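Student: Fold the following and give me the result.
(one chain, ligands or ions: 1)
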Amino acid sequence: MSEGSRPALPDRYIRQTRFAPIGPDGQQRLGGSVVAVVGVGALGCVIASHLARGGVGELRLIDRDIVELSNLQRQLLYDEDDAASSLPKAEAAAAKLRRANSSVSIRAYAADLHAGNADELLGGTDLILDGTDNFHTRYLLNDYAVRAGIPWIYGGAVGAGGMTMSVLPDAGPCYRCLFPEPPASGLADTCETAGVVSPLVDVIGSLQAMEAIKWLSGRREEMRGDLLQLDLWRNSWMPLGVAGARRSDCECCGRREFPFLEPEEDMAAALCGRATVQIRPARSRPLDLPALAERLAMAGEVRLTPYSLRYERDERISVVFFPDSRALIQGLEDPIKAKAVYADILG
Ligand SMILES: [Zn+2]
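Tutor: Numbering: from 1, shown residues only. Take a look at the predicted model:
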């Protein structure tokens, strides 16, 4: 159906506009807003669903990963077909949400957010939602948002425990005021080491989406001003006041230094949740996937889709290549070995 022939949908948001604090004015503001969701895993699926169905203007979905069977326990937008096709999460989520609300402009970015593409992916947004599963991306997000004066909403979930907080320009602490440095590798619980239960991500993602809707509909004064910690298994709900927690000596919002936005070297990073390493060259260059597929077909099994090329190198290791020369090496946890596999294949 063409844009012009689509019928008007005045009643689509009727339950939301009838809720007095949002009302038709708030709905109009929502419809004019541009929002990015960084990471469309468990939290991101919940956040993106609420925002797409609630009628934001433009929704950018950013995720570097592909759908796998072990995601389906908690990542509510995906199904077994998506996993069998190794679809990029950003594309799979966008396809589902376009069917839920075709009036929202939904953009999929199957990309790793980094210093070199942050402007392209996050520039011009009214709000950024954190659905990441790793500290590096979260610190980068904090640096970017504070520098640009864009609000962002932090969320984290491991085991049955989670946290969320809104970082607003010119008010309260930023993420680094409270957590000055990322924890040393291996010291923090992750979904890999501690698992994660599905109702938790629903709750944390919904709390993030609720604050997002308040901000975007012009109800900033109604937003929570705390760092909320909760544990759904132990039934604890603990809001920590953070009004006085902004530090004038904070490297980020106080001294306005943004080390996570410095250009990076080639990166190899183990992904949370399973034996996979991502390789991302510092300078992305286009990779001709069909040509590569032809060359690799002699060596192993290949599967080419419009978004990626999957290559079964042997029984243990498979590699998924993306058009920007990024790759996921599956079956390895050691970044150095993964870099070697990447170099073996691409030279
Ligand atoms: Zn700060």
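
Student: what sits against the closest residue to residue 101 other than its chain neighbours?
Tutor: Distances taken as CB to CB, 6 or more residues apart in numbering place residue 52 nearest to residue 101, at 5.0 Å, with adjacent residues excluded. (Glycine included, C-beta is placed from N, CA and C.) Taking CB atoms under 8 Å, 6 or more residues apart in numbering, we find residue 52 in contact with 59, 97, 100, 101, 104, 106.

Student: Quick one: name whatever helix or strand follows the strand or helix carrying residue 52.
Tutor: Using DSSP states H and E, residue 52 sits within helix 42-54. Sequence-wise, the next helix or strand downstream of helix 42-54 (DSSP H and E) is strand 58-62.

Student: Which positions in whichever helix or strand comes after that following strand come out as buried?
Tutor: Using DSSP H and E, the next helix or strand after strand 58-62 towards the C-terminus is helix 80-84. Buried residues in helix 80-84, defined by neighbour count with 16 or more other CB atoms under 10 Å: 82, 83.

Student: same deal with stretch 51-67?
Tutor: 51-67.

Student: Would you pull up how far it lies from the middle of the chain?
Tutor: Between the centre of stretch 51-67 and the centre of its chain there are 9 Å (CA atoms, centre = their mean, to the nearest Å).

Student: now swap in stretch 94-106 and tell me
Tutor: The answer for stretch 94-106 is 17 Å, by CA atoms, centre = their mean.

Student: From one end of that stretch to the other, what's the distance?
Tutor: 6 Å (CA to CA, to the nearest Å).

Student: The most far-flung residue of the chain relative to its centre and residue 114: what is the separation?
Tutor: Taking CA atoms, centre = their mean, the residue of the chain most remote from its mean C-alpha position is residue 298, at 35.9 Å. From residue 298 over to residue 114 the distance is 33 Å, taken as CB to CB, to the nearest Å.

Student: And the residue nearest the centre of the chain, how far from residue 225?
Tutor: Nearest to the geometric centre of the chain sits residue 39, at 1.3 Å (CA atoms, centre = their mean). Using CB to CB, we find residue 39 at a distance of 24 Å from residue 225.

Student: mind checking which helix or strand the residue nearest to residue 320 when sequence neighbours are not counted is in?
Tutor: Spatial nearest neighbour of residue 320, chain neighbours left out: residue 328 (4.5 Å); criterion: CB to CB, 6+ apart. Per DSSP H and E, residue 328 falls inside strand 327-330.
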